[in-house]
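In: This is a predicted model, with the sequence first.
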Amino acid sequence: MQSYTGVSTRRRVVRHKAVDHWPRTIRTARRLSLVLIVGGCGDPAPPTAVAAPDGNLVRNFDFEGGGGVTPSEWTLDGRVASRGTVALAPSPLPGGGQCVRLAPNAGNRIRSQPFAIGQGFDVRPFRGHRLRLAGRLRAQGEAVAVLGLYVIRKDGGFLEGVRLRCSASSRDKENLREALLAVPDDPEAVALIISCGVEGASGEALFDDIYVGSPSESANGTVSRGETSTKEAMPAVVTINTEQELRRITPALYGMNMEWIYDGYGLWDSQRKGLHEGLAELTQAMGVGVLRFPGGVFSDYYNWRDGVGPIDKRRATPHVPGGPKSRHSFGTDEARAFARRVGADLLLTVNAGTGTAAEAAAWVRYVNEGKDGGDLGPVRNWEVGNELYGRGGASDAIAVTPELYATRFLEFAAAMRSESADIRVGAIGLENYGRYQMNAYSDWNRIVLEKAGGAMDFLAVHNAYAPMVFEDSGDDVSTVYAAMLAAPVLIARNLADVSRQIEQFAPSHASRISIAVTEWGPWFHAVPDSRFVDHSKTLGSALFVASTLAAFVRAPRVQWATAFKLVDNAYLGWIGLRGGEYAPKAPYYALQLFSRHFGTRVVTTTTQSPTYDSPGVGLVAAVEGVPYLDVVSSLSDDGNTLFVIVVNRHFTASITTQFTLEGFAPVEAGAATVLNGTGIDAHTGTELPKIPGLKWARQSSAVFEPRFERGGPDEVGVRTMPLCGVATSFSHVFPAHSVTALELHRR
């Protein structure tokens, strides 16, 4: 397995809500991936920080000190004692001697409370410093060995931590795992917890030579193989055949969502009583090709008539039943005017949850009769409903069966086309995959396609959000980001599955049914107390955007994509507020690279690149063999310019790439436009809103080259530089954590 940052991608971090005092929390931490205990059935003894002569804080680190039910100096929580057995055993790991063996049973199925043993120390001498966690781990059968190190606050909350994992499929013969923990320089940090645990319901996990101490040393005095920068370049080979055209694409792939609430999140300037010019300029510069309105879940509670007519006479309504209210100042005509201002098409989602077919038809009639004077033009693109397949969230209250939705879609489509025969109408669908179980009906696509395929022009899916760590399993930034950047591999497979379903279940109409990904984007969490809630704005999220766009480009049936979302005052908008002014976030620049530096004729690209294996995190399943280098190529309409977009997913290593061009002889000089930043968690400095009574959680930062706390306009950006020495065979170095757009001109 390739290292993602010089460390195994299986490292973990834990943060926990504050509850009671720290000893009791260690006994009762319900949301941890490990249950930790220091003092048996009674309150633990005060933690100590006495290190052995070699600097190791861990007592009985090699398990040679004997013990009874548990090894000496280690403690097993009585609440999980029935979920497995712990014993000392001859060590098959390098070094021999004894090791500890944890054998889980069928009761060990709660991932948040697995079978584990632990120790505690005083963290105060180490505040503001780094500690190395190391140990030898081995797993057999279905078990996963987990070694963790956590910082505890005075109030019992978990402040920071790392986790190391080893499964039976590990190819590391030494089974040595190492990582760094950056101990916060925080007076609230009072204790360290070290734990050995096992996930799974069978098999066994072995641990030996556990080390916690100075980064300059590790278990058995070995030289660190942990959190170090991999600065040397890695090799890759790319072949581009410009004579093999795969498909044509349009600007509709570069779309965004905008919502009606809160003045369209600023798209309507209520003070100047007009469109917000600054947001219009940013949206136009982004190169947005289509705008979806009036929003995701809000669509199925939206009455379009509330958003037309004189603005000062429009009423305020709840966003969803029981929710906050907004005046409909950004309605149909304002959305049309904004789309025209930025040069984008409009995609309107009609209310198929609480609305009627007659209401939808009247909306089609309104925009085509030109009641605004006719200067805004008609709207051709329509979608019937939003996420009515119902699995969590506000859509649950109006969820329907696939049979009922198909019937409803046919009714809506017929009524809408009776007002305008040339509109394009899309149905909603979704195919679950892996952990991405967002659809309550596994046969939704089949039923909808079989019953209503003849009436649809496209099938709208929402299968490209990642990593969605809604249940915090203690993963650190590197692990979460590694999974997020592996997600486009799964997204591409899912799009291929949806395309096959269209061919299988609507064969007579498959040639004209396209796929529209009408919501997608980097999304970590939706609640303020998540330590990842604001990570949608980072450079790592921009790399995800670029690789997901590349997956869309390579999927022939995907004709539309509208990312979620253009702007808001919180964590999901790709345009945010910085010092009271609107500013782009890192994902904005990734889409801009495609809209401004990519052609329309996609051509064959073959890439040989180093790979890594990603664990399952959030709703992203484990993926093996993820290429560090993701490459997609295209030609201009006239065929005289070759565009190549390259994503380097590696956090620390540049990748030296040898290119071979077939069917295209370039001039010697070209251009390279590069999106990059100071670190994988760098961002442009946009801010979360300050709301009385609302506290945002401290956000996790990367261990190596952490930049999240230093956000600013100089942390992430785009620059263009000349590209020299271009030929039919040439080499180029792509820097770590970057997206690069090459432009080559035909000789």
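Out: That came through, no problem.
In: Leaving out sequence neighbours, find the closest residue to Arg493.
Out: In space, not counting the residues next to it along the chain, Arg493 is nearest to Tyr433; the distance is 7.1 Å by CB to CB, 6 or more residues apart in numbering. The way it works is simple: take the backbone N, C-alpha and C, and place the C-beta from them, glycine included.
In: For Ala464, see how far away that neighbour is.
Out: Distance, Tyr433 to Ala464, using CB to CB, to the nearest Å: 11 Å.
In: These two: which is more packed in?
Out: With neighbours defined as other CB atoms under 10 Å, Tyr433 and Ala464 compare such that Ala464 has more, 29 against 17.
In: tell me the contacts of the residue nearest to the more buried one when sequence neighbours are not counted?
Out: With CB to CB, 6+ apart as the criterion, Ala464 has its nearest non-adjacent residue at 3.5 Å, and that residue is Trp520. Residues in contact with Trp520, defined by CB atoms under 8 Å, 6 or more residues apart in numbering, are 462-465, 548, 561-564.
In: Apply 7 Å and report the result again.
Out: With contacts defined as CB atoms under 7 Å, 6 or more residues apart in numbering, the neighbours of Trp520 are 462, 464-465, 548, 561, 563-564.
In: any idea how far Asp263 is from Glu403?
Out: In this structure, Glu403 lies at 39 Å from Asp263, with CB to CB as the measure.
In: Comparing these two, which residue is more hemmed in?
Out: Asp263 (18 against 14).
In: wait, doesn't that one sit right on Gly331?
Out: No - with contact taken as CB atoms under 7 Å, Asp263 and Gly331 are classed as non-touching, separated by 10.7 Å.
In: Break the protein down into its domains, please.
Out: Taking automatic domain parsing as the domain assignment, the ranges for the chain are 22-221, 229-249+467-492+522-747, 260-271+288-461.
In: Need the ones you listed in JSON lines (columns: distance to Ser511).
Out: As requested, the domains of the chain are arranged in JSON lines below (distance: least, CB to CB, whole Å):
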{"stretch": "domain 22-221", "distance to Ser511": "42"}
{"stretch": "domain 229-249+467-492+522-747", "distance to Ser511": "10"}
{"stretch": "domain 260-271+288-461", "distance to Ser511": "11"}
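In: His509 is nearest to which of those domains?
Out: Smallest distance to His509 across the domains of the chain (CB to CB): 4.8 Å, for domain 260-271+288-461.
In: Run the chain-centre distance for the closest one.
Out: 25 Å (CA atoms, centre = their mean, to the nearest Å).
In: Kindly report the same for stretch 546-558.
Out: Its chain's average C-alpha position is 16 Å from that of stretch 546-558, according to CA atoms, centre = their mean.
In: Give me the contacts around it.
Out: Stretch 546-558 is contacted from outside by 246-247, 249, 253, 464, 485, 488, 491-492, 495-496, 499, 514-515, 517, 520, 561, 590-591, 593-594, 602, 630, 632, 645, 647, 739, using CB under 7 Å, 6+ apart.
In: by contact count, what packs against the longest strand along the chain?
Out: With secondary structure taken from DSSP state E, the chain has its longest strand at strand 234-248. Packed against strand 234-248 by the contact rule (3 or more CB pairs under 7 Å, 6 or more residues apart in numbering; DSSP states H and E) you find strand 601-608, strand 629-635, strand 655-662.
In: winner for burial among those?
Out: Neighbour counts (mean count of other CB atoms under 10 Å) averaged over each of the helices and strands packed on strand 234-248 peak at strand 629-635, with a mean of 25.
In: how about the strands of the stretch 1-150 of the chain, start to end?
Out: Secondary structure of the stretch 1-150 of the chain by DSSP state E, counting those that start in this stretch: the strands cover 75-76, 84-90, 98-104, 115-122, 130-140, 144-153.
In: Show me which of these has the highest average neighbour count.
Out: strand 144-153 (a mean of 27).
In: chain center to that one: distance?
Out: 24 Å.
In: is Arg424 in a bridge, and if so with what?
Out: Assessed by DSSP bridges, Arg424 has beta-bridge partners Asn381.
In: Would you list the phi and psi of Glu450?
Out: Its backbone dihedrals place Glu450 at phi -60, psi -40, with angles given as degrees, to the nearest 10.
In: for the nearest residue to it once chain neighbours are set aside, what are its contacts?
Out: Sequence neighbours aside, Phe505 is the residue nearest to Glu450 in space, at 5.0 Å (criterion: CB to CB, 6+ apart). For Phe505, the contacting residues are 445-446, 449-450, 453, taking CB under 7 Å, 6+ apart as the criterion.
In: Could you do Thr728 as well?
Out: When contacts are counted by CB under 7 Å, 6+ apart, Thr728 is found next to 660-661, 665.
In: His597 touches Ala741, doesn't it?
Out: Yes - between His597 and Ala741 there is a contact under CB under 7 Å: 3.7 Å.
In: Need the residues touching each of these two.
Out: The contact lists of His597 and Ala741 share 643, 673, where a contact means CB under 7 Å, 6+ apart.
In: and Glu709, how many residues sit next to it?
Out: Burial measure for Glu709: 9 neighbouring residues, criterion other CB under 10 Å.
In: rewinding a little: want to throw the contacts of Thr728 into JSON lines with pLDDT?
Out: JSON lines is the format used below for the contacts of Thr728 (pLDDT from 0 to 100):
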{"residue": "Thr660", "pLDDT": "98"}
{"residue": "Leu661", "pLDDT": "98"}
{"residue": "Ala665", "pLDDT": "97"}
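In: want to throw those residues into a markdown table with distance to Arg391?
Out: Rendered in a markdown table, the data for the contacts of Thr728 read as follows (distance: CB to CB, whole Å):
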| residue | distance to Arg391 |
| --- | --- |
| Thr660 | 46 |
| Leu661 | 46 |
| Ala665 | 52 |
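In: what residue ranges in the chain score low on pLDDT?
Out: Screening the chain residue by residue with the criterion pLDDT under 70, one finds the ranges 1-54, 111-112, 157-159, 171-174, 216-233, 370-374, 392-394.
In: can you map out the helices along it?
Out: Here the chain has its helices, by DSSP state H, at 22-28, 261-265, 277-286, 332-342, 357-369, 402-417, 444-452, 477-505, 539-554, 586-596.
In: Of the ones you listed, which stretch is the most buried?
Out: Among the helices of the chain, the stretch with the highest mean neighbour count (mean count of other CB under 10 Å) is helix 539-554, at a mean of 27.
In: Using CSV, write out every CA atom in that one.
Out: Written as CSV, here are the backbone C-alpha positions of helix 539-554 (Å, rounded to 0.1, in the frame of the first residue of the first chain):
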residue,chain,number,x,y,z
LEU,A,539,-7.9,22.2,-1.1
GLY,A,540,-8.6,18.5,-0.5
SER,A,541,-12.3,19.1,-1.3
ALA,A,542,-11.2,20.9,-4.5
LEU,A,543,-9.2,17.8,-5.5
PHE,A,544,-12.4,15.7,-5.0
VAL,A,545,-14.4,18.2,-7.2
ALA,A,546,-11.8,17.9,-10.0
SER,A,547,-11.7,14.0,-9.9
THR,A,548,-15.5,13.8,-9.7
LEU,A,549,-15.8,16.1,-12.7
ALA,A,550,-13.3,13.9,-14.5
ALA,A,551,-15.6,10.9,-13.7
PHE,A,552,-18.6,12.8,-15.2
VAL,A,553,-16.5,13.7,-18.3
ARG,A,554,-15.7,10.0,-18.8
